[in-house]
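Fold the following for me, if possible:
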Amino acid sequence: MQIYLPIAEMPVDPFIVMAMGGGVGFLSGMFGVGGGFLMTPLLIFFGIPAPVAVGTEASQIVASSVSGVAAHLKRKSVDFQMGGFLVFGGAIGALLGIILFKYLRSLGQIDMVISLSYVSFLGVIGGLMLVESINTLLKTKNVRPYGSRKRSAPWMAALPFPMRFRRSGLYISPIPPIVLGILVGILSAIMGVGGGFIMVPAMIYILKMPTNVVIGTSLFQIIFVTAITTVLHATANQTVDIVLALLLLIGGVLGAQIGARAGVHLKAEYLRALLAVLVLGVCLRLLVSLVSAPAIPFIIEAV
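Okay, the predicted model is just below:
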């Protein structure tokens, strides 16, 4: 059975696409990540054009993040004030990213830029995660949990317009959150990710937010930033394939439920190490595809 994707302009087996969504959803539920940084490369490996993979995955992240925020709202673990500044910066970044995306696409370089971005970010993030996981496993007793880390940030309070973020217990300038939001917005537009794999560590280590509000606040800003990114991709670049997004969403919702149940049976240190290995594996696969010869080589000749 084949179904035609109107924007990607190719037929696919819907069950294989749903299985892909289910697999990434399972990993998302198990590891507590959005999965965009895994799904977009997987779609590219599957043969979906890179611009369509980026635009479509952004739309899927919106739906998956809504359900996550709903759970955090019940626990009152969302800092709406901080999230508002992150969304403001993210909207600016998404607009800048879309302009850059359209320009690179007009030059015919967008596929290369997307692949290089993933190799760079996944290599760095995966390597850092693996090192931290190994250190945690070897020195569990000497590692402090996130909640015990020092949460003062004098340099951010010294910036213009400092204010109190009561939910996070911080007194800082809104400029750092806005700048962080701009960075994540650009990444969302270029790479088709929610940015949680960068946003969460940055909120903990740079903004010094307590862990209990980091995840919910990150998901809150992801909803709006990826929604803006999706609309801009659909209008400016016409790269959002709604049929593909629906197939991925069906599989992702089912997979996330199963993964969430499986994740509770593993220790956090092992989960982080497994995710690091997975991220590095995707990075290596992309790197190989960049340096290897094409399956169907072509020659340009004068006619």
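
Can you list the buried residues in stretch 225-242?
225-230, 232-234, 236-237, 239-241 (16 or more other Cβ atoms under 10 Å). Just so you know, the C-beta spots here come from the backbone N, C-alpha and C atoms, and that holds for glycine as well.

end-to-end on that stretch?
Start-to-end span of stretch 225-242 (Cα to Cα, to the nearest Å) is 18 Å.

who's in contact with that stretch?
With Cβ atoms under 8 Å, 6 or more residues apart in numbering as the test, stretch 225-242 has contacts from 5-8, 49, 51-52, 54-56, 58-59, 61-62, 65, 86-87, 90-91, 93-95, 97-98, 101-102, 105, 181, 184-185, 188-189, 194-195.

now swap in stretch 8-20 and tell me
So stretch 8-20 is contacted by 1-5, 39, 42-43, 46-49, 52, 241, 244, 247-248, 250-251 (Cβ under 8 Å, 6+ apart).

of the buried residues of stretch 225-242, closest to Leu280?
Thr226 (24.8 Å; Cβ to Cβ).

Name all residues that make contact with Gln81.
Remark: with contacts taken as Cβ under 8 Å, 6+ apart, Gln81 is in contact with 165-167.

Out of the residues you listed, which one has the lowest pLDDT?
Lowest pLDDT of the contacts of Gln81: Arg167, 80.

these two touch, right, it and Arg75?
No - the criterion here is Cβ atoms under 8 Å, and Arg167 misses it with Arg75 at 11.9 Å.

Any of the contacts of Gln81 buried? List them.
Neighbour-count burial (16+ other Cβ under 10 Å) applied to the contacts of Gln81 gives 165, 167.

Export the contacts of Gln81 to a markdown table and append columns for secondary structure.
Formatted as a markdown table, these follow (DSSP: H, G, I helix; E, B strand; the rest coil):
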| residue | secondary structure |
| --- | --- |
| Phe165 | strand |
| Arg166 | coil |
| Arg167 | coil |
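
average pLDDT for stretch 57-74?
On average, the pLDDT along stretch 57-74 is 67.

Can you show me the helices along the stretch 1-150 of the chain?
14-31, 36-46, 50-74, 80-107, 110-138 (DSSP state H, counting those that start in this stretch).
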